[in-house]
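Trainee: sequence and predicted model, in that order:
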Amino acid sequence: MGEEAIDWATCSSCPTRRNRIKFLLGGAVIALAVVYLIFTATQSTTAYFFTISELYTRGEAVYDRYVRVSGRVTHEAIQFDPRELILRFQIADENGQVLSVVFHGPKPDQLRPDAEAIVEGKFDGKVFTAQTILMKCPSKYEEEEKGVVEEKAEAVR
């Protein structure tokens, strides 16, 4: 009976070879999609960290880009509208550069003059619109709390 042996390694019309190629192509497409999703997710959450002076120096290069800026809250009036949840204040860096900040949301409890603030958002050249405000806890509060704890411990003895 004249059946010829099939060489599976070189058979391009064999079903297993076609299935293997489809599987590899499908896997490559899925891998590329995952890499793309990771890349776009990290790009959208990446924020460049600037001082206020650096922000002004960069000019239009940082306009409407998501950035992070640090500074001390100035003694200028901190304005908060509780009905509209609009907070306006200014921060300054060590060079005396001042940045006006607008935030839509609740006022952080630690927001007060001379507190260290980190704002994340976009700058339009005049006003920084913050999406997030992070307040640094000053070390003087930590020392005060430590003293209170020590006093309470002595009172218990």
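Mentor: Arrived safely, thanks for sending.
Trainee: contacts and neighbour counts: CA atoms only from here.
Mentor: Will do.
Trainee: what's the helix or strand for residue 16?
Mentor: helix 15-45 (DSSP states H and E).
Trainee: let me fix that, I meant to ask about residue 77.
Mentor: Here residue 77 is assigned to no helix or strand, by DSSP H and E.
Trainee: pLDDT at it, what is it?
Mentor: pLDDT for residue 77: 81.
Trainee: same question for the one 4 residues further on.
Mentor: According to the per-residue confidence, residue 81 scores 93 in pLDDT.
Trainee: check residue 35 too.
Mentor: For residue 35, the model assigns a pLDDT of 91.
Trainee: burial count for it?
Mentor: 12 (other CA atoms under 10 Å).
Trainee: ditto for the one 5 residues further on
Mentor: Using other CA under 10 Å, residue 40 has 11 other residues around it.
Trainee: cool, and residue 24?
Mentor: Neighbours of residue 24 using other CA under 10 Å come to 11.
Trainee: quick revisit: chain center to the helix holding residue 16: distance?
Mentor: 27 Å (CA atoms, centre = their mean, to the nearest Å).
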